[in-house]
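**Student:** Dropping the sequence and predicted coords here.
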Amino acid sequence: MRVSRIQAVDHVRLEAPLGSEEELRWFYGQVAQLVEAEADETDGRHLCFSSEGIRLLVRLVETPTIEPVACRTTIAVPSLTEVVERLEERRVSFERVSGVAWTDQRVFARDPAG
């Protein structure tokens, strides 16, 4: 059984400002390495990314609601080193976190919508 790289119980729904589409495509496509998918919504103001049946849907609105949650979603990536390099290239701030085990390495970053 293949496991989704989007670590969530169900589909993730976020809001982002209109005009942030290219930055979001870079973040979720290049950094998080998710596959852009066709959004089911018909108004054309959505971006959708997926991994093994779990979807991350970004609704594009003039005034987005950004939830004040410390960790909105977790995405497993093939190479944390590549993620760090891509974030550093664009000067996106992030925080490295490591746990007790050497395999417990994480990066916390906000997407372009905040």
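**Tutor:** Ah, there it is.
**Student:** what's the distance between Glu62 and Glu36?
**Tutor:** Distance, Glu62 to Glu36, using C-beta to C-beta, to the nearest Å: 23 Å. Using the backbone N, CA and C atoms, a C-beta is placed for each residue, glycine as well.
**Student:** Give me the more crowded residue out of the two.
**Tutor:** Taking other C-beta atoms under 10 Å, Glu62 and Glu36 do not tie; Glu36 has more neighbours (13 against 8).
**Student:** Name the helix or strand for that one, please.
**Tutor:** For Glu36, the host element (DSSP states H and E) is strand 35-37.
**Student:** Contacts for the helix or strand following that strand, please.
**Tutor:** For strand 35-37, the following helix or strand on the C-terminal side (DSSP H and E) is strand 46-51. Here strand 46-51 makes contact (C-beta atoms under 8 Å, 6 or more residues apart in numbering) with 4-6, 16, 21, 24-25, 28-29, 32, 34-40, 55-60, 75.
**Student:** Check for me that Glu95 belongs to a strand.
**Tutor:** Yes: assessed with DSSP: H, G, I helix; E, B strand; the rest coil, Glu95 lies in a strand.
**Student:** which residue sits closest to it in space, ignoring its chain neighbours?
**Tutor:** Here the nearest residue to Glu95 in space, its sequence neighbours aside, is Phe108; by C-beta to C-beta, 6 or more residues apart in numbering that works out to 4.5 Å.
**Student:** so is the one you found in a helix, a strand, or just coil?
**Tutor:** With three-state DSSP as the basis, Phe108 sits in strand.
**Student:** Check the gap between it and Arg96 for me.
**Tutor:** 8 Å.
**Student:** Packing partners of the longest strand along the chain?
**Tutor:** Criterion DSSP state E: the longest strand present in the chain is strand 54-61. Judged by 3 or more C-beta pairs under 8 Å, 6 or more residues apart in numbering; DSSP states H and E, strand 54-61 is in contact with strand 6-7, strand 12-17, strand 46-51.
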